[in-house]
Structure formats: C-alpha cells, structure tokens
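1. Just the structure for this:
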Amino acid sequence: MRNRVDIIRTCRRAALTAAAAAIVVLAAPLPQAHAGIWSNIKEIYDTPAKVEELQKQYSESVARLEEQQRKLQEDYSRKQAELEQRQQELMRQNEAYQEQNGQLQERNAALEAELHQAAERSAAIKRGIAWTVLVLSSAFLGYIAAVRIWRYRAYRAQSRSGGGAAS
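-> This is a model prediction of the structure:
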C-alpha cells in the first residue's frame, strides 16, 4: 500500500513538472513571421475574392437589417392599432360612466327633494301635534280653572246667603 502511495505522489510530481514546463514554453516570445513576396502577391490577387465575400456579407447584413426594420414597423403598426383600439374602448367606457354619473346625479337630486319634502311634512305634522296638545292642554287647564272659579263663586254665594256650612 505504501508503494502505491509513492507511485501516486510520483505521478503527481511528474504532472506538475510537465504543466510548469508547458507554461514556460508558452510564455516564451514567438519569433516574428515574415511574409515573402510570393505571399504578398498571392494576397493581392486574392483581394477581389475577399471583397466579393465582404460585399456578400454586407448585402446579407443589409437584408437582415431591412427585415428587422420591416418586422419592427409591423410590430409598431400593430401596437399602435391596439393602443388606438384600447383608447377608443376607454373613451366609450368614459362616456358610459359620464352618462351613468349624470343619471345618478339626477336621481340624487330627486331623492334630496323627496327627503326635503318628507322633512317638511314631518315638521308640519309635529307642529300640528304640538298645537293640538297645546290647545287641548289649554282647554283642559281652562276647564279646571273654570270649575274652580265656579265652585269658589258657588261657595261664596252660598256663604252670603247663609245656607253654607256652620261658621
């Protein structure tokens, strides 16, 4: 088992050493490449092919851009139509609410007038009851006063004529 652990350590060390060597090799500066005359001439004659390729890419990009613009324009038109439709719907709802509000205001005014009339009727009935109670109370008190006065006069009349109680 000890040998196995030593083998594993040795493999790890070898791997770390190889990694360090690879880093050193990769970090070293690379020699400059010099193009020859033949490469430059070849590039000059390959330039029209590259230009055609670039023009093709440019045309494709323009086509994609035009397609995107068309889609955006369609989306914009659709959204604008939806917004106009929503605005018209909201305006119709607003008009309906205003009409309903007007009807409710008329009903409220009618109910207030009815309430005012009911209050006036109630006040008139209360005044009538109060006057009736006052008149009846006054009549009753007047009756009581009249009976008392009549009894007092009858008593005095009897006292004067001598037919009254013994003095």
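
2. contacts, neighbours, all on C-alpha from now
-> OK.

3. Can you pull out the low-pLDDT segments for this protein?
-> 1-2, 25-36, 38-45, 163-167 (pLDDT under 70).

4. Which residue ranges of it form helices?
-> Listed in chain order, the helices of the chain (DSSP state H) span 2-27, 37-161.

5. Tabulate the ones you listed (a markdown table), appending mean neighbour count.
-> Below are the helices of the chain laid out as a markdown table (neighbours: other CA atoms under 10 Å):
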| stretch | mean neighbour count |
| --- | --- |
| helix 2-27 | 11 |
| helix 37-161 | 12 |
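
6. and Ala113, how far is that from Leu104?
-> When distance is defined by CA to CA, to the nearest Å, Ala113 is 14 Å away from Leu104.

7. Actually, Glu89.
-> From Glu89 over to Leu104 (counting by CA to CA), the distance is 22 Å.

8. try Arg160
-> For Arg160, the distance to Leu104 (CA to CA) stands at 82 Å.

9. same thing with Gln85?
-> Distance from Gln85 to Leu104, by CA to CA: 28 Å.

10. Kindly report the same for Glu112.
-> Distance from Glu112 to Leu104, counting by CA to CA: 12 Å.

11. Check Val147 too.
-> Distance from Val147 to Leu104, by CA to CA: 63 Å.

12. swap in Val24?
-> Taking CA to CA, one finds Val24 at 90 Å from Leu104.

13. Contact partners for Glu112?
-> By CA atoms under 8 Å, 6 or more residues apart in numbering, no residues touch Glu112.

14. please redo it, this time with the cut-off set to 10 Å
-> The contact partners of Glu112, by CA atoms under 10 Å, 6 or more residues apart in numbering, come to 106, 118.
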